[in-house]
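Peer 1: when you get a sec, could you give me coordinates for this:
(one chain, ligands or ions: 1)
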Amino acid sequence: MSENSKIEWCDATFNPWIGCTKVSPGCDHCYAERSTPSRVQKINWGPGAPRRRTSASNWRKPLQWNKAHAEFFAAHGRRQRVFCASLADVFDNEVDPRWRIDLFDLIELTPNLDWLLLTKRIGNAMRMLKSHDWCAGQRNVWLGITVVNQEEADRDIPKLLATPAHMKFLSMEPLRGDVYVREYLTPSFPHCVAFVQGKQMEDGYCGRCGGHRSDPIHRRDTHDYIDWVIAGGESGAGARPMHPTWPRRLRDQCAGASVPFLFKQWGEWAPAPGVIDASGGMFHRVDDDAWMQRLGKKDAGRLLDGRTHDEFPRGAA
Ligand code: SF4
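Peer 2: Here you go, the predicted model:
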């Protein structure tokens, strides 16, 4: 399955195969499992259930997008972003490893596209990336993980930081708690301000910090910090409300570290106005001071404290 996408942070989605197993609280209301393609194709979810590879014509789509790079760039002033995969997990260990090799080959053949690989199985990534002679630090790959609570943050972000990738991001959706990520947003090495701000550098170095010639921060394939954070609430049947404090704190942590932040959506529930009538069952009290109102994804919108947050990292390639 591939399509032009309505997802705020990408231009198209590509699914090399469909099917998965739930591995996280973020999977509880898995969109992929209940989406139309999964239902129509009668794909079963779970351990041992066969994954279904998508059609050859679907696999040709990224090659077409890659060819159309000049037109896309002229219209948008940037490269096309492809989300892989919305109906599966690239690093699923129940997928035929040859399919993954085919996917890596496809990524290598499409250098004009930025591939956003988002996984809930970052623990498998290093081993699976090594199965291909294509380098994990490929410049057109952004490697991201889903993190919905503090436990996942502390378990999985260090694994992401240890995995070579040119761009590293967090998708914190559906956000299920107040999560502290600040220490992961800053390199553990001396921070090179000119580098982070995208200023012109000679030889890849800003030349302003002592010892910059040997500082690994300047090597994008080994950098140990997060480049981008996406956050959002849950949507669909059974969606759980997100406390308004949770995305606010993420926004503020990103601002403090000069890391781009994108607020994708409130989801089904949005903060209720100060005075409410809680008799209709449309409200949920998240604490003494905050009520949430069930409005549906569209009406709940994506304003956080009155404005959108649509920041992206600098282009990957
Ligand atoms: S990893 Fe993604 S696709 Fe797989 S079950 Fe979880 S939410 Fe669904």
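Peer 1: before we move on, which element is residue 48 in?
Peer 2: Assigned by DSSP states H and E, residue 48 falls within no helix or strand.
Peer 1: quick one: the strands in the stretch 1-150 of the chain?
Peer 2: Applying DSSP state E, counting those that start in this stretch to the stretch 1-150 of the chain gives strands spanning 2-4, 12-14, 17-18, 52-53, 80-84, 113-119, 141-146.
Peer 1: want to throw the ones you listed into TSV with distance to residue 186, mean neighbour count and mean pLDDT?
Peer 2: From N, CA and C alone the C-beta is placed, and that goes for glycine too. Output for the strands of the stretch 1-150 of the chain, formatted as TSV (distance: least, Cβ to Cβ, whole Å; neighbours: other Cβ atoms under 10 Å; pLDDT from 0 to 100):
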stretch	distance to residue 186	mean neighbour count	mean pLDDT
strand 2-4	35	15	56
strand 12-14	31	22	96
strand 17-18	36	24	96
strand 52-53	41	18	95
strand 80-84	25	23	96
strand 113-119	22	24	96
strand 141-146	18	24	95
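Peer 1: can you list those in CSV and add distance to residue 74?
Peer 2: Shown next, in CSV, are the strands of the stretch 1-150 of the chain (distance: least, Cβ to Cβ, whole Å):
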stretch, distance to residue 74
strand 2-4, 17
strand 12-14, 17
strand 17-18, 33
strand 52-53, 34
strand 80-84, 12
strand 113-119, 16
strand 141-146, 23
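Peer 1: make JSON lines out of those and add distance to the ligand.
Peer 2: Listed next are those as JSON lines, based on distance: least, Cβ to the nearest ligand atom, whole Å:
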{"stretch": "strand 2-4", "distance to the ligand": "16"}
{"stretch": "strand 12-14", "distance to the ligand": "12"}
{"stretch": "strand 17-18", "distance to the ligand": "9"}
{"stretch": "strand 52-53", "distance to the ligand": "13"}
{"stretch": "strand 80-84", "distance to the ligand": "12"}
{"stretch": "strand 113-119", "distance to the ligand": "8"}
{"stretch": "strand 141-146", "distance to the ligand": "7"}
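Peer 1: what pLDDT does the model give the closest residue to the ligand within the stretch 51-200 of the chain?
Peer 2: Of the residues in the stretch 51-200 of the chain, the one nearest the ligand is residue 120, at a distance of 4.1 Å by Cβ to the nearest ligand atom. For residue 120, the pLDDT comes out at 95.
Peer 1: check the gap between residue 177 and residue 58 for me.
Peer 2: 36 Å (Cβ to Cβ, to the nearest Å).
Peer 1: what ranges do the helices span in the chain?
Peer 2: Under the criterion DSSP state H, the chain contains helices at 31-34, 36-40, 56-67, 69-76, 97-109, 122-130, 150-162, 193-196, 245-257, 297-300.
Peer 1: TSV for the ones you listed, including distance to residue 13 and mean neighbour count?
Peer 2: As requested, these are exported to TSV (distance: least, Cβ to Cβ, whole Å; neighbours: other Cβ atoms under 10 Å):
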stretch	distance to residue 13	mean neighbour count
helix 31-34	11	16
helix 36-40	11	13
helix 56-67	10	14
helix 69-76	15	12
helix 97-109	14	16
helix 122-130	20	17
helix 150-162	21	17
helix 193-196	29	16
helix 245-257	23	18
helix 297-300	18	15
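Peer 1: ok, which of these comes nearest residue 186?
Peer 2: Nearest to residue 186, of all the helices of the chain, is helix 245-257, at 5.3 Å by Cβ to Cβ.
Peer 1: flag every residue of this structure that's near the ligand.
Peer 2: Residues of the chain found near the ligand, taking Cβ under 6 Å from any ligand atom as the criterion, are 20, 22-23, 27, 30, 32-33, 88-89, 120.
Peer 1: give me the below-cutoff pLDDT ranges for the protein.
Peer 2: By pLDDT under 70, the weakly predicted segments of the chain are 1-4, 133-137, 187-223, 274-281, 315-317.
Peer 1: for the spatially most central residue of it, list each beta-bridge partner.
Peer 2: Nearest to the geometric centre of the chain sits residue 171, at 3.9 Å (Cα atoms, centre = their mean). Beta bridges link residue 171 to residue 146, residue 230 when assigned by DSSP bridges.
Peer 1: test my guess that it contacts residue 144.
Peer 2: Yes - using Cβ atoms under 8 Å, residue 171 is in contact with residue 144, at 5.4 Å.
Peer 1: what sits in contact with each of the two?
Peer 2: Counting by Cβ atoms under 8 Å, 6 or more residues apart in numbering, the shared contacts of residue 171 and residue 144 are 118, 230.
Peer 1: ok, residue 132 - contacts?
Peer 2: 100-101, 104-105.
Peer 1: please repeat the previous calculation with a cut-off of 10 Å.
Peer 2: Shown in contact with residue 132 (Cβ atoms under 10 Å, 6 or more residues apart in numbering): 97, 100-101, 103-105, 107-108, 138.
Peer 1: over to residue 299?
Peer 2: 266, 268, 270, 293.
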